[in-house]
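Novice: Quick one, fold the following:
(chains A and B)
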There are 2 protein chains.
Amino acid sequence: MEALKDKIRIEGNALSETILKVDCFLNQQIDVDFMLKMGKEFANRFEGEEITKIVTIEASGIAPAMAAAMELKVPVVFAKKKKAVTMGDDVYCASVRSFTRGTTYNISVGKEFINKEDRVLVIDDFLAYGNALIGLHEIVKESGACFVGAGIVIEKGFQKGSDKLKEMGIRVESLAVIEKMDKGFIKFK
Amino acid sequence: MEALKDKIRIEGNALSETILKVDCFLNQQIDVDFMLKMGKEFANRFEGEEITKIVTIEASGIAPAMAAAMELKVPVVFAKKKKAVTMGDDVYCASVRSFTRGTTYNISVGKEFINKEDRVLVIDDFLAYGNALIGLHEIVKESGACFVGAGIVIEKGFQKGSDKLKEMGIRVESLAVIEKMDKGFIKFK
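Specialist: Purely as a prediction, here's the structure:
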């Protein structure tokens, strides 16, 4: 998506070879208009797939997921990183390793929110090593639903998450793929 | 907002005198259509206030904030509960006590995202004791911006957060106010 690449070039900032700061429109401030454009793009790419539900992880996944859901007219379900007091024991869980933070965390979704009739599109803000996506894939498979594919806003191609997912047979659609970056320099694929 | 009260009655579930489960449309699954209706209601209530920014806290605040932002055509900024690797030291911080979890956590917003020209509407999913709102109020005041008011999806009136905020001179608009509840029983104000 050319408009996204332009936005990353103008408003984004590569802080190192691995860390991209895009919190002015994606991770802390949300450019709502632009989010809706990305939502339309996701809907176009998965047209005809009869998606019934969008699944994401709190928190930065929620805005692009909601934008895509508006286009596809389906609900969003977001996996939680902490179990809420309102959640019973009837949950799907997966463990996710975060390379950025060097920690492992659990994600969970109430079983009532995904069922075997669902056709699920997973949306997330970033794809790096693919661990969050693999966790969500586990949860969707466990529910018996069909995992249609993953829609990613920004893929850090050099961290190879996409390759891993494609080897697992997962369709990945990234709106922008970064091949290489470093302080003040970003090269798209 | 009558439609919200009906939705809480039909889809919500009071688990105790203090805990309301509404994760089927607000806290885990997002009913996007209904979220947009609530966004319109927030925009109506704050009409003429020349809001320039909506501020919320991750994660459940993001969806209603985004819905309101779509109507008001302004960006959303969400305070983070954990400092991201992309955040520098230039942040506004506040400490928030969670009664539900019995813990205290810090919230932070990059200074670049709120400035003294802004007219801020704070949106959140729940108002209980008001501590999260008071934390956001601190952050907005520190930035020099004008804190126009708070838009709340569900207020637990019996926990008196609203009274506390109103004493501080803060305008609070709640779409539904629960006066009392208990297992299987909800009474609105």
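
Novice: any idea which helix or strand carries the residue nearest in space to the middle of chain A?
Specialist: Compute the mean C-alpha point of chain A, and by Cα atoms, centre = their mean the closest residue is A:Asp124, 1.1 Å away. According to DSSP states H and E, A:Asp124 maps onto strand A:119-127.

Novice: re earlier: correct me if wrong: the residue nearest to the centre of chain A contacts A:Ala132.
Specialist: Yes. The criterion here is Cβ atoms under 8 Å, and A:Asp124 meets it with A:Ala132 at 6.2 Å. C-beta: built from backbone N, CA, C; applies to glycine.

Novice: Now do the contacts for A:Ala145.
Specialist: A:53, A:114-120 (Cβ atoms under 8 Å, 6 or more residues apart in numbering or on different chains).

Novice: Now with 10 Å, please.
Specialist: Residues in contact with A:Ala145 (Cβ atoms under 10 Å, 6 or more residues apart in numbering or on different chains) are A:52-53, A:55, A:114-120, A:139.

Novice: Most neighbours of all those, which one?
Specialist: Using other Cβ atoms under 10 Å in any protein chain shown as the neighbour test, the contacts of A:Ala145 are led by A:Val55, with 29 neighbours.

Novice: any weak-confidence spans in chain A?
Specialist: Residue ranges of chain A with pLDDT under 70: none are present.

Novice: which residues of it fall in strands?
Specialist: Secondary structure of chain A by DSSP state E: the strands cover A:13-14, A:20-21, A:29-30, A:53-57, A:76-79, A:91-98, A:103-110, A:119-127, A:146-156, A:172-182, A:185-188.

Novice: Let me have the ones you listed in a markdown table, adding distance to chain B as columns.
Specialist: Putting those into a markdown table (distance: least, Cβ to the nearest Cβ, whole Å) gives the following:
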| stretch | distance to chain B |
| --- | --- |
| strand A:13-14 | 8 |
| strand A:20-21 | 4 |
| strand A:29-30 | 4 |
| strand A:53-57 | 9 |
| strand A:76-79 | 4 |
| strand A:91-98 | 10 |
| strand A:103-110 | 6 |
| strand A:119-127 | 11 |
| strand A:146-156 | 12 |
| strand A:172-182 | 13 |
| strand A:185-188 | 14 |
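
Novice: who wins for proximity to A:Leu4 among those?
Specialist: With Cβ to Cβ, the closest approach to A:Leu4 among these belongs to strand A:172-182: 4.7 Å.

Novice: Let me know whether A:Lys37 touches A:Phe25 as I believe.
Specialist: No. Between A:Lys37 and A:Phe25 there is no contact under Cβ atoms under 10 Å: 11.1 Å.

Novice: which neighbours do the two share?
Specialist: A:4, A:7, A:31.

Novice: and A:Ala79, what is it in contact with?
Specialist: A:Ala79 makes contacts with A:55-58, A:61, A:91-94, A:96, A:106-110, A:113-114, A:122, A:132, A:135-136, A:139, B:28, as judged by Cβ under 10 Å, 6+ apart.
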